[in-house]
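Asks: here's a sequence, model it:
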Amino acid sequence: MDFSTLGIAMGSAWLSGINLYMTVLSLGLLQRFHLANLPGDLSYLAHTWILVVAGSLAAVQFIADKIPAVDSVWDVIHTFIRIPAGAIMAAAAFAHLDPSVRIMALLIGGGIALSSHSAKTATKLAANASPEPVSNVVLGLAADAATVGGSVLMTSHPIVMAVLVVLAVLFSVILIRWIFRMMRKLFKPQPKESIA
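Replies: Numbers count the residues shown, from 1 in each chain. Below you'll find the predicted structure:
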């Protein structure tokens, strides 16, 4: 197995969990302008209609991601989109290999997308609970930048990306547990004071 294909498969699944449309658009443009050579069926991301649809949806997400109430609903709905899409992206990277390898990539890619999507959703929910809007916008812009930068890194240094994804998955598990613990403390009912 080619380790660069593995890095691109893992990276595309992880980035899809953060911002699917920006990932597809970034990878498609890198392939289209010959700045990357995507493995397997990922090369189809460079087709014009895929770029048009991904670009349109990326523009909608860019706006939705910055509005707290819309962002929370958007992320919940995209639980059913980003995770399967991340799995498909990982499997598409191995389209030239045995079906058993593609199925393993599909399963692992779905898990990787689940970790990044869950970490992003939990972080944004925590930010949306605060009354000030700045943190939500900053987190949205950071996710956009991480997706584009991650796409470039993944295509130029896929093995580095694979290592970063493994570390990010571990960090995501820790982050999600910490955020849910903090949210539980924040929304825990306070005992009523007895009046003497």
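Asks: residues contacting residue 74?
Replies: 61, 64-65 (C-beta atoms under 8 Å, 6 or more residues apart in numbering). The way it works is simple: take the backbone N, C-alpha and C, and place the C-beta from them, glycine included.
Asks: recalculate using a threshold of 6 Å.
Replies: residue 64 (C-beta atoms under 6 Å, 6 or more residues apart in numbering).
Asks: could you do residue 37 as well?
Replies: With C-beta under 6 Å, 6+ apart, residue 37 has no contacts at all.
Asks: residues near residue 163, how many?
Replies: Residue 163 is flanked by 13 other residues according to other C-beta atoms under 10 Å.
Asks: now name the helix or strand holding it.
Replies: Of the helices and strands defined by DSSP states H and E, residue 163 is found in helix 158-187.
Asks: ok, residue 117 to residue 20 distance?
Replies: 9 Å (C-beta to C-beta, to the nearest Å).
Asks: over to residue 128?
Replies: Noted for residue 128: a distance of 20 Å to residue 20, by C-beta to C-beta.
Asks: of the two, who's got more company?
Replies: Looking at residue 128 and residue 20 with other C-beta under 10 Å, you find the greater number of neighbours at residue 20, namely 26 against 19.
Asks: that one reaches residue 83, doesn't it?
Replies: No: with contact defined as C-beta atoms under 6 Å, residue 20 does not count as touching residue 83 (9.5 Å).
Asks: about what we covered before: so what sits against both of residue 117 and residue 20?
Replies: Counting by C-beta under 6 Å, 6+ apart, the common neighbours of residue 117 and residue 20 are residue 82.
Asks: need the pLDDT of residue 68.
Replies: pLDDT recorded at residue 68 is 82.
Asks: what of residue 168?
Replies: At residue 168, pLDDT is 94.
Asks: give the closest residue to it in space, chain neighbours not counted.
Replies: Closest residue to residue 168 apart from its sequence neighbours, by C-beta to C-beta, 6 or more residues apart in numbering: residue 14 at 6.3 Å.
Asks: and that neighbour, how close does it get to residue 155?
Replies: Counting by C-beta to C-beta, the gap from residue 14 to residue 155 is 14 Å.
Asks: these two: who's more crowded?
Replies: Using other C-beta under 10 Å as the criterion, residue 14 and residue 155 rank with residue 14 on top: 31 against 23.
Asks: helix, strand, or coil at the more buried one?
Replies: For residue 14, the assignment made with DSSP: H, G, I helix; E, B strand; the rest coil gives helix.
Asks: wait, it touches residue 112, no?
Replies: Yes: Residue 14 lies in contact with residue 112 (C-beta under 6 Å); the separation is 5.0 Å.
Asks: which neighbours do the two share?
Replies: Contact criterion C-beta under 6 Å, 6+ apart; no residue bridges residue 14 and residue 112 by contacting each.
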